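>>> Whatever this is, show me its structure:
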Amino acid sequence: MAALTLDKFGGMDLRRNQKMAASNVMFTLNNAYITSGMRIKKRPCLTKVATLEAGTVGLFSGLGKLNTFFGGGSFITHANTLFQAHRVYHSTDKALTLSDAHFCTPFNGYLYVAVEYSNGDVKHAYLNDDGAWQDSHAYVAGQFVRPTTPNGFRYKCLANGTSGTVEPTWSTTLGADTADVGFDWRCFAMTIEDTNCPNTTIVRKLGQKIYCAGAGVNSGNVSFCAAAAPRDWTTASDAGFLPAGINAAGSSEVTALGDFGGDIGVFFSDSMQVWDVDADPSKNALKSAKENVGTVHKKTPAALANDLVFLAQQGFRSVSLIAITDNLQENDVGSAIDPIRDEIAATDSPISIYYPRLGQLWTINGQQVYVYAFSKSVKLSAWQKFTLPITVDHAAVLNGELYLRSGNDVYVVDENATNDDGAIPTVTIEFFYQDAKSPGVLKLFVGFDLVVVGEPSIAFRLQDENDVEVVTQPYAVSGDMRAGVMHPMELTATQLAPIITHHADEDFAVDSMMIYFEPLGPV
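From the prediction side, this is the model:
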């Protein structure tokens, strides 16, 4: 009796027809992933961490917290101390609330953010100051303080002087002055005042500079602030811009930015560039420019193993391969799942984020997650797809844990959880047709063994004597079946495709499958 063995699994590969025999890769792999041990395991599920107080937007890791933001209206404090809410007033209208937060990064001990207001304005803000107001303290003109009880504003000293012994009653009218002993404080929002800051949603931090796409007639440029001075976008020979649009092959509007090993990847809808950047702008230089591959998805460029992966028009691509070849059909990081590229529309805003605990790159588009598991040491390169019961608005990693925000609910991706806050995911694994390397030979399939954790069911897809594709009734199985008698079945076909499904509130994994058969001869 012959045996067909499937183990050391390798993820989804959609580059060929399902009827073309391929061992150990899957035609469908949903809600499960390939581990570093090449086994199939049910995806980690979602455990709710908190329902946040209404009125904040965003979710970003920084300064040991998961940070959210709000504008005008009532002050918001999160009861769960894992989260920190920050007020970011509009520079001219403090009543405006926030509709979204596009970027946030720690910068020299404070947060730098790009937020969007309810009227559509996008503003950058640096949530810094020179400390809380102190009594009987010498201040110099131009110095900023915050009240001892922060109120979302910063106050600029208008003349040299020494503060009084009693803290002033701070004005919360933008541009208004508050009197101290011998000098005044002027009220400012935390937003960037420098008019050369483009205030766009496409932002990255590299080294001691903030880089962002230009706005309006300068949308082809990449502006940057002065070194270690994120409020300064003007100082000559320090702040400035990369003239990326001049070197663009087609479209000249910057659509995304990414960190490529300390260089900056500048993306357009139909091309990309890699720039060598330095604290000294005179050393900035264009390293490479490639046509016919770009992105319209500004949140997808993500660093992975000294590379930069992004969602191009053709599918997921890496900057390192693009830099050395003009062949878009080259076997790049996402080639195996190129056929599902059409599932993500140009108007969608997918988010790519690296999940370090499992060594996976997640690209989240609403409820769908495209997951790339990668490890050089074990030669793992596998794609899988997760379907979540929530629509993800923001994602952040803090202390190695991946957090997802949906509305005001925040969940942690939990490897020990077997359900999504009560919802049980369905795992679907469908293999390519298996012909035991003997196509056209009729076989009597007589039984199978599985090595699994949990209790899945298995069915088989095959073509009957009339060449009609059918799926057998599922068999319920559990555990390591090799120790006993094989699970009997009787199917006659030249080839078949196993389909494993699992829907139970339990751990689940597949280590191997053995299918036994007797060759009957050519058809």
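>>> Show me the helices in the stretch 251-400 of the chain, by range?
Residue ranges of the helices in the stretch 251-400 of the chain, as given by DSSP state H, counting those that start in this stretch, are 319-322.
>>> Sketch out the low-pLDDT regions of it for me.
Along the stretch 251-400 of the chain, the model assigns pLDDT under 70 to residues 322-331.
>>> Now do the strands in it.
Assigned by DSSP state E, counting those that start in this stretch, the stretch 251-400 of the chain shows strands spanning 256-260, 263-267, 271-276, 285-291, 302-304, 307-311, 316-318, 351-355, 360-365, 368-375, 380-387, 394-398.
>>> Can you pull out the residues in contact with the least confident helix or strand in the chain by mean pLDDT?
Using mean pLDDT, DSSP states H and E, the weakest-scoring helix or strand in the chain turns out to be helix 319-322, at a mean of 78. Identification of contacts with helix 319-322 by CB atoms under 8 Å, 6 or more residues apart in numbering yields 258, 260, 265, 272, 274, 290, 293, 306-310, 330, 332-333. (C-beta placed from N, C-alpha, C; glycine too.)
>>> can you pull the contacts of Asn419?
Asn419 touches 45, 425, 505, counting by CB under 8 Å, 6+ apart.
>>> Please, a PyMOL command that selects the buried ones among those?
Entered in PyMOL, the line below selects the buried ones among these, by 16 or more other CB atoms under 10 Å:
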select buried, resi 45+425
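>>> Show me the contacts of Asn419 that map onto strands.
Cys45 (DSSP state E).
>>> wait, which of the contacts of Asn419 is closest to Ala396?
Among those, Cys45 lies closest to Ala396 (CB to CB), at 18.2 Å.
>>> For the closest residue to the closest one other than its chain neighbours, give me the pLDDT.
Leaving out its chain neighbours, the residue that sits closest to Cys45 by CB to CB, 6 or more residues apart in numbering is Ala417, at 3.9 Å. pLDDT, Ala417: 98.
>>> Any figure for the gap between Ala417 and Val49?
Separation of Ala417 from Val49 (CB to CB, to the nearest Å): 12 Å.
>>> likewise Leu444?
In this view, Leu444 and Val49 are 53 Å apart by CB to CB.
>>> Which one's more surrounded, those two?
Under the neighbour definition other CB atoms under 10 Å, Leu444 and Val49 were set side by side, and Val49 has more, 19 against 14.
>>> now for the helix or strand hosting that one, which elements pack on it?
Val49 belongs to strand 45-51 when assigned by DSSP states H and E. Using 3 or more CB pairs under 8 Å, 6 or more residues apart in numbering; DSSP states H and E, the elements in contact with strand 45-51 are strand 409-414.
>>> Could you measure from Ile344 over to Met481?
Applying CB to CB, the value for Ile344 to Met481 is 39 Å.
>>> Make sure the residue nearest to Cys45 is indeed in a helix.
No: read with DSSP: H, G, I helix; E, B strand; the rest coil, Ala417 is coil and lies in no helix.
>>> circling back: looking at the strands of the stretch 251-400 of the chain, which one is packed in the most?
strand 263-267 (a mean of 26; mean count of other CB atoms under 10 Å).
>>> Work out for me the element the closest residue to Phe153 other than its chain neighbours sits within.
Leaving out its chain neighbours, the residue that sits closest to Phe153 by CB to CB, 6+ apart is Cys187, at 5.3 Å. Per DSSP H and E, Cys187 falls inside strand 184-188.
>>> quick one: buried residues of that strand?
Per 16+ other CB under 10 Å, strand 184-188 contains these buried residues: 184-188.
>>> Now do the contacts for Cys104.
Cys104 sits next to 58, 60, 62, 67, 69, 111-114 when contact means CB under 8 Å, 6+ apart.
>>> Which members of those occur in helices, if any?
Among those, DSSP state H puts none in helices.
>>> out of those, which are buried?
Buried members of the contacts of Cys104, counted by 16+ other CB under 10 Å: 58, 60, 62, 67, 69, 111-114.
>>> Please verify my assumption that the residue nearest to Cys45 contacts Arg43.
No: counting by CB atoms under 8 Å, Ala417 stays clear of Arg43, with 10.0 Å between them.
>>> Bridge partners for the residue nearest to Phe153, pull those for me.
Counting by DSSP bridges, Cys187 is bridged to Tyr155.
>>> Which strand residues bridge Lys209?
On the basis of DSSP bridges, Lys209 is bridged to Leu206.
>>> That one: how many residues sit nearby?
A count of nearby residues for Lys209, using other CB under 10 Å, gives 24.
>>> and if you look at Phe75?
So Phe75, with other CB under 10 Å, has 11 neighbours.
>>> surely it meets Thr56?
No: counting by CB under 8 Å, Phe75 stays clear of Thr56, with 11.2 Å between them.
>>> Which stretches in the stretch 401-523 of the chain count as strands?
401-406, 409-414, 427-431, 441-453, 457-463, 469-471, 475-476, 487-493, 497-502, 509-522.
>>> what would those strands look like in a markdown table with mean pLDDT?
Formatted as a markdown table, the strands of the stretch 401-523 of the chain follow (pLDDT from 0 to 100):
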| stretch | mean pLDDT |
| --- | --- |
| strand 401-406 | 98 |
| strand 409-414 | 98 |
| strand 427-431 | 97 |
| strand 441-453 | 94 |
| strand 457-463 | 93 |
| strand 469-471 | 91 |
| strand 475-476 | 92 |
| strand 487-493 | 91 |
| strand 497-502 | 97 |
| strand 509-522 | 94 |
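>>> Output those in a markdown table; the columns should cover distance to Arg317.
Output for those, formatted as a markdown table (distance: least, CB to CB, whole Å):
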| stretch | distance to Arg317 |
| --- | --- |
| strand 401-406 | 23 |
| strand 409-414 | 25 |
| strand 427-431 | 26 |
| strand 441-453 | 35 |
| strand 457-463 | 32 |
| strand 469-471 | 34 |
| strand 475-476 | 41 |
| strand 487-493 | 39 |
| strand 497-502 | 30 |
| strand 509-522 | 30 |
